[in-house]
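>>> Sequence first, then the predicted structure:
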Amino acid sequence: MTELFNRFLNRKDSSKDDAKARLKVLLIHDQVDLTPAQLDAMQEEITAVIQKYVEIDRENSVVRLERGDDRIALISSVPVRRVIERGLPA
Amino acid sequence: MSECIVVTSGKGGVGKTTCSANLGVSLALQGATVAVVDADIGLRNLDVILGLENRIVYDLVHVIEGECRLKQALIRDKRAEGLYLLPAAQTRDKNSVTPQQMRELINELKEEFDYVLVDCPAGIEQGFKNAVAGADRAIIVTTPEVSAIRDADRIIGMVEAAELPEPHLVINRYRSKMVRRGDMMNKEDILEILAIPLLGIVPDHEDIIISSNRGIPVVFDETSVVGEAFRRIGRRLHGEPNVPELDFSEGNGIWGTMKRWMGLAQGVA
Ligand SMILES: Nc1ncnc2c1ncn2[C@@H]1O[C@H](COP(=O)(O)OP(=O)(O)OP(=O)(O)O)[C@@H](O)[C@H]1O
Ligand SMILES: [Mg+2]
């Protein structure tokens, strides 16, 4: 309905949401001084470590930085398929 | 109790000088004594915005180098009792002054004035360091754009690092029509990202250009919405923190103008 209404008014998606989303990412990178490429590399390494212990759903894994009130947090959500049954990893 | 407030932004051209001039006038019109200091050495502008450029004899660097006394360099604004400008040097660069010298200068001004407003240059280098050196607190000016807000965030961090209290935000060049159609970040969006208290919003308006053409800050214009926005910010600075935000969402048509006039006449809007 809103969709239709917007189309009637010839509206595109509002650009301010893009602005806000881009800003949030920018500010985090400014603050921690990591490039998006470094962040990707970090995510790779972290998942690699996790995979030594459990089998995970890589497709749906995220590791990202988020700005809280006065600190930056590393948020990760890694769905676990099953625990690998063995002792300590090599 | 006298106070030095630095008006800063990080990004250039977002309205620091416009804000410094108008807030200086607004504070003076409320009866305070005010010195506005142009700390943008080498690129002075505050004199022009205030329309005082023809009266400059000495400048800030002359004072610091002892070539004249502070009183000789201060230019009195005859239109607003209690308002004085200390102009920047135009032919020198930012390194001709040190933070320590600025601090001493500001302290001397604070003995004479209720408010010392410092118009900070763009950037985060020496000019910024000089401008914040003597300040008790900071006003951050931004526009509702990604690059300006990003730089504002950076400057907020630097203000903290300089051990000043939490700064206040002025959002300049706000376009309510664009906000309404979702093409400009609104007040809440910006405050969510920068997370500092809001001092006020200034609409984007042609009156600013007209007033800078004439050298008469817009805050003198009783009928201007932008003037009213600055008057309200000035009042919030000067002991009335709860002055309500101006509703400039009416647009610019004849009806909007009428509504504005009626609102202003009632002093509410
Ligand atoms: N609210 C506004 N509406 C319309 N134009 C504006 C507004 N505020 C500022 N401007 C215009 O934007 C330009 C830059 O303003 P100003 O010189 O105050 O910015 P600044 O931050 O001091 O710049 P700099 O970083 O170069 O010192 C000027 O031409 C001014 O007229
Ligand atoms: Mg300026």
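Nice, I can see it. Ligands and ions are numbered 1, 2, ... in the order given.

>>> Quick one: the helices in the chain, in order.
Looking at chain A here, since you left the chain open. A:2-8, A:15-32, A:36-53 (DSSP state H).

>>> hmm, I had chain B in mind actually
With DSSP H as the criterion, chain B has helices spanning B:16-29, B:46-49, B:60-64, B:70-73, B:99-112, B:126-133, B:146-161, B:176-180, B:187-194, B:206-214, B:225-237, B:254-266.

>>> Quick check: which of the ones you listed is nearest to ligand 2?
helix B:16-29 (3.3 Å; Cβ to the ion). In this view, the C-beta of every residue, glycine as well, is placed from N, C-alpha and C.

>>> For the closest one, list the C-alpha coordinates in PDB.
C-alpha atoms of helix B:16-29 as PDB (Å, rounded to 0.1, in the frame of the first residue of the first chain):
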ATOM      1  CA  LYS B  16      31.100  28.300  11.600                       C
ATOM      2  CA  THR B  17      31.700  31.900  10.700                       C
ATOM      3  CA  THR B  18      28.000  32.500  10.100                       C
ATOM      4  CA  CYS B  19      27.200  31.000  13.400                       C
ATOM      5  CA  SER B  20      29.900  32.800  15.300                       C
ATOM      6  CA  ALA B  21      28.800  36.200  13.900                       C
ATOM      7  CA  ASN B  22      25.100  35.700  14.500                       C
ATOM      8  CA  LEU B  23      25.500  34.200  18.000                       C
ATOM      9  CA  GLY B  24      27.800  37.000  18.900                       C
ATOM     10  CA  VAL B  25      25.300  39.600  17.900                       C
ATOM     11  CA  SER B  26      22.400  37.600  19.500                       C
ATOM     12  CA  LEU B  27      24.200  37.500  22.900                       C
ATOM     13  CA  ALA B  28      25.100  41.200  22.700                       C
ATOM     14  CA  LEU B  29      21.500  42.100  21.900                       C
END
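
>>> Show me how far that helix is from its chain's centre.
From the chain centre to the centre of helix B:16-29 is a distance of 6 Å (Cα atoms, centre = their mean, to the nearest Å).

>>> Next, the buried residues of stretch A:67-74.
By neighbour count with 16 or more other Cβ atoms under 10 Å in any protein chain shown, stretch A:67-74 contains the buried residues A:Arg67.

>>> repeat for stretch B:25-45
When burial is assessed from 16+ other Cβ under 10 Å, stretch B:25-45 yields the following buried residues: B:25-30, B:32-42, B:44-45.

>>> Give me the subset of the residues you listed that also touch ligand 2.
B:Asn45 (Cβ under 5 Å from the ion).

>>> thinking again about what came up before, so of the helices of chain B, which one's packed in deepest?
Across the helices of chain B, averaging neighbours per residue (mean count of other Cβ atoms under 10 Å in any protein chain shown) puts helix B:16-29 on top, at a mean of 27.

>>> packing partners for it?
strand B:3-8, strand B:34-38, helix B:46-49, strand B:83-86, strand B:115-119, strand B:137-142, strand B:168-174, helix B:225-237 (3 or more Cβ pairs under 8 Å, 6 or more residues apart in numbering or on different chains; DSSP states H and E).

>>> of all these, which lies closest to A:Leu26?
Across those, A:Leu26 has its closest neighbour in strand B:137-142 (14.1 Å, Cβ to Cβ).

>>> picking that back up, can I get the helices of chain B in TSV including distance to A:Ile56 and mean pLDDT?
What follows is the helices of chain B, written out as TSV (distance: least, Cβ to Cβ, whole Å; pLDDT from 0 to 100):
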stretch	distance to A:Ile56	mean pLDDT
helix B:16-29	50	98
helix B:46-49	59	98
helix B:60-64	62	97
helix B:70-73	69	98
helix B:99-112	53	98
helix B:126-133	47	96
helix B:146-161	34	97
helix B:176-180	43	95
helix B:187-194	32	97
helix B:206-214	56	97
helix B:225-237	53	98
helix B:254-266	58	53
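
>>> looking at those, which is closest to A:Ser76?
Of these, nearest to A:Ser76 by Cβ to Cβ is helix B:187-194, at 23.0 Å.
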